[in-house]
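Chemist: Model the structure of this input:
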Amino acid sequence: MYEFPGYTCISINDVAAHGIPGELVIQDGDVVNVDVSAVKDGYYADTGRTVIAGTPKSATHERLVEVSLTSLEAGLSKVKAGVKVNQIGKAIYADARKNGFTVIRNLAGHGLGRTLHGEPETISNYYSREENDILKEGQVIAVETFISTKDEIVYQSEEDGWSLFTPNNSLVSQFEHTVVVTKDGYEVLTGSFR
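Modeler: Next up, the predicted model:
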């Protein structure tokens, strides 16, 4: 459907998303994200997780991955029917900033269903006044964090046309869950990270 030239996205270090698996060898200490989409009976799910390969190069790298997960949990804590979509991003951003990191502003979560990207089109990692749609019971969304050591935007690789990288070699960590919005919260459809 999207003609991505691989079966999964594997993004390393300053590649924030859409990394294409290939001949690159993962090195000890690399920050590695695996992002996978799947379809079953016509319905899509999307999930991602970041790990450090082998021994972390610094405490900052370890902390980046941990904060990416706590930021996801902060965003998910806002999910329930009747809440505005922008409250998710507000919580993600607040958690990232209080822990000394920032967010990638031009990557976001999204709605899911019979397509990989549906309504809402974006669930930003920061408060966006425009994202004022109200979450509805039974709605399926992918909440994902893109937490960065410094940069706030990513650019598309001219070489492969897919990889999204930070301009100043900032590291990025991503976590993502597909959830169903419920009356009192949400139900995770994509397993557990803890």
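Chemist: Quick check, central residue of this protein?
Modeler: residue 144 (3.0 Å; Cα atoms, centre = their mean).
Chemist: Who does that one form a beta bridge with?
Modeler: Using DSSP bridges, the beta-bridge partners of residue 144 come out as residue 176.
Chemist: mind listing what it touches?
Modeler: 46, 48, 72, 107, 108, 109, 123, 174, 175, 176, 177 (Cβ atoms under 8 Å, 6 or more residues apart in numbering). Backbone N, C-alpha and C define where each C-beta goes, glycine included.
Chemist: Closest one to residue 30 out of those, please.
Modeler: Of all those, residue 174 has the smallest distance to residue 30: 14.2 Å, by Cβ to Cβ.
Chemist: Does anything pack onto the helix of greatest length in the chain? Which helices or strands?
Modeler: If you go by DSSP state H, the chain has its longest helix at helix 59-76. Using 3 or more Cβ pairs under 8 Å, 6 or more residues apart in numbering; DSSP states H and E as the contact test, the elements touching helix 59-76 are strand 31-40, strand 43-52, helix 86-98, strand 140-148, strand 172-181.
Chemist: next one: the fourth one to chain centre, how far?
Modeler: What it means is strand 140-148. Relative to its chain's centre, strand 140-148 lies at 3 Å (Cα atoms, centre = their mean, to the nearest Å).
Chemist: Run through who's touching whichever helix or strand comes after it.
Modeler: The helix or strand immediately downstream of strand 140-148 is strand 155-156, counting by DSSP states H and E. Outside strand 155-156, the residues that touch it by Cβ under 8 Å, 6+ apart are 162, 163, 164, 165, 167.
Chemist: thought residue 12 was touching residue 25?
Modeler: No. Judged on Cβ atoms under 8 Å, residue 12 makes no contact with residue 25 at a distance of 10.1 Å.
Chemist: quick one, which of these two is more surrounded?
Modeler: Legend: neighbour count by other Cβ atoms under 10 Å for residue 12 and residue 25, higher for residue 12 (17 against 6).
Chemist: can you pull the pLDDT of the more buried one?
Modeler: Residue 12 is assigned a pLDDT of 97 by the prediction.
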